[in-house]
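> Give me the fold of what follows.
(2 chains)
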Amino acid sequence: MMAMSKSMREHQEPGDIEALLPWYAAGTLNVRDSRRVAEALERDPELAKQYAVALDEYAATIELNESLGAPSSKAMQKLFAAIDAEPARPAQAVSQQPGQGFGARFTGFFEGLSPKVLAWSASAASVALVLQAGLIGAMVAWTPGGMSETASYPPAGDVAPAARAETVRPAAPPAVPPPALVAPPPAAVQRSAPLTRSLGAESSLRAFVRFVPDARASEIAALLDAYQASVVDSGKGGVFRLQFAAGQISKQDHDRLIARLQNEAIVGTVLPAP
Amino acid sequence: MITKQATADEVLITRIACGDRAAMQVLFGRHHVRIFRFGLRLVRNEQVAEDLVSEVFLDVWRQAGKFEGRSSVSTWLLAITRFKALSALRRRKDAELDDEAAAAIEDPSDGPELAVQKKDTSDVLRKCLEGLSPDHREIVDLVYYHEKSVEEVANIVGIPENTVKTRLFYARKKLADLLQAAGVQRGWP
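Just a heads-up that it's a prediction; the model follows:
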């Protein structure tokens, strides 16, 4: 019977105000609940008795906890040793501080990236750079007709050995008749020789030539090939000195060659050169 | 005054999030004793409690940037402490826990008797407080010593507010029973 009574008492639910007494004793209730408890204490002596018990508990709990002492200085030493061992603080928190310049935030952003991310970013940037360079090169080099204007890289048929073979024939007579004797084929289709020729075919026939501004490198190469000429000098103002592998020719043939050159569409000016 | 302190604590947390060691020292100096005592009451071992203090503040150093200010800093610290204390207790051997539980149960029967002989009710009350179960001890400390509201205790312990009220009520009734067993009548319940 007594046990049953005790059990019932143990499972008794606290009243609304009764449950708040500890917080009222500690002074941590909000204004509304604090007023409710104060009013209840004034009209209920039993509740006031219980409140006095709560105040004793409150004081004893503080006394008990205060008697527990404090941690030694090792706790702080251990903490800051652990903090020192921590990896560097991510830059984002620091970079959010007001008053920092764009440069600092920019630097902080890259410092915040992991090495792996940085490596991938650098690789992607390199690929983008190469693609961009290729695209620009293609746009510059190719004309609407699909013909390259770049004179420094000869087409497949203009391989270097052919040119060298020509250069190692210093005294050999030209395999083709002099330009004065053979009508040169259209310059645009003569693209079998490199632009620059050797000085091996010594001849006294030379001329100063200025090409028209819109002359293409391929057209100039074709002209040089057709006339068996080579560039021996390039002066200021776009004037080139050409040497023709025609050997000794008459004054009349010389004049005729000059006149023929003058009639070429890509030639602006032609003058006899010493 | 409490509000000013809470505001200052939040400022310290913001500075700690930026890697300010001086702010960390201030926060540590302000709260480490209470954290130690709360931890000690849970784990009942000074060395473990001291290690808890370092671990709790190291967590603060690491997680300060994630503190959203939904609770006060002290409530946040106590919640971290409680979590770490329970983890530490779980790591310890069952045998050790059993011994401690037995010691905790024996304390009120032995201690209060000795205290009663001294006719010192305060000593008996403290002995009985030490003899409460961990759950009851925890909630009594949070309300009376750490002065946490119903909502804050619910936040720290992770239980509904009504459960907080009833748990403390039963803790107090258990305390009354222990006192009665030690020969101390308080008039309630």
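> Now do the strands in chain B.
Ranges of strands within chain B: none, based on DSSP state E.
> Spatially central residue in it, please.
Centroid check for chain B by C-alpha atoms, centre = their mean gives B:Phe38 as the closest residue, at 3.3 Å.
> mind giving me the domain split of chain B?
Listed domain ranges for chain B are B:2-91, B:94-181 (source: automatic domain parsing).
> Would you mind giving the ones you listed as TSV with distance to chain A added?
C-beta here means a position set from N, CA and C on the backbone, and glycine is covered the same way. TSV is the format used below for the domains of chain B (distance: least, C-beta to the nearest C-beta, whole Å):
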stretch	distance to chain A
domain B:2-91	4
domain B:94-181	4
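> Now do the contacts for the residue nearest to A:Gln50 when sequence neighbours are not counted.
Nearest residue to A:Gln50, sequence neighbours excluded (C-beta to C-beta, 6 or more residues apart in numbering or on different chains): B:Trp188, at 4.6 Å. Contacts were defined as C-beta atoms under 8 Å, 6 or more residues apart in numbering or on different chains; by that measure B:Trp188 touches A:Lys49, A:Gln50, A:Val53, B:Ala176.
> so where does the first one fall, helix or strand?
Okay, so that is A:Lys49. A:Lys49 belongs to helix A:45-66 when assigned by DSSP states H and E.
> hmm, the helix or strand that comes right after that helix touching chain B?
Sequence order places helix A:73-85 as the next helix or strand after helix A:45-66, per DSSP H and E. Yes - Helix A:73-85 is in contact with chain B by C-beta under 8 Å from any C-beta of the partner chain, via A:Lys74, A:Ala75, A:Met76, A:Lys78, A:Leu79, A:Phe80, A:Ala82, A:Ile83.
> May I ask which helix or strand of chain A has the lowest mean pLDDT?
Lowest by mean pLDDT, DSSP states H and E among the helices and strands of chain A is helix A:160-167, with a mean of 36.
> Which strands and helices lie in contact with the next helix or strand after that one?
The helix or strand immediately downstream of helix A:160-167 is strand A:206-211, counting by DSSP H and E. Using 3 or more C-beta pairs under 8 Å, 6 or more residues apart in numbering or on different chains; DSSP states H and E, the elements in contact with strand A:206-211 are strand A:239-244, helix A:251-263, strand A:267-273.
> in its sheet, what does the last one sit against?
Strand pairing for strand A:267-273, using DSSP bridges, gives strand A:206-211 (antiparallel).
> Go through the strand it pairs with and flag the buried ones.
A:Arg206, A:Ala207, A:Phe208, A:Val209, A:Arg210, A:Phe211 (16 or more other C-beta atoms under 10 Å in any protein chain shown).
> and of those residues, the nearest to B:Asp9?
A:Phe211 (83.8 Å; C-beta to C-beta).
> how close does the closest one get to chain B?
69 Å (C-beta to the nearest C-beta, to the nearest Å).
> ok now do the closest residue to that residue other than its chain neighbours, which residues does it touch?
Of all residues not flanking A:Phe211 in the chain, A:Ile266 sits nearest, at 5.3 Å (C-beta to C-beta, 6+ apart). Neighbouring residues of A:Ile266 by C-beta under 8 Å, 6+ apart: A:Ala187, A:Phe211, A:Val212, A:Ala215, A:Arg216, A:Glu219, A:Ile220, A:Leu223.
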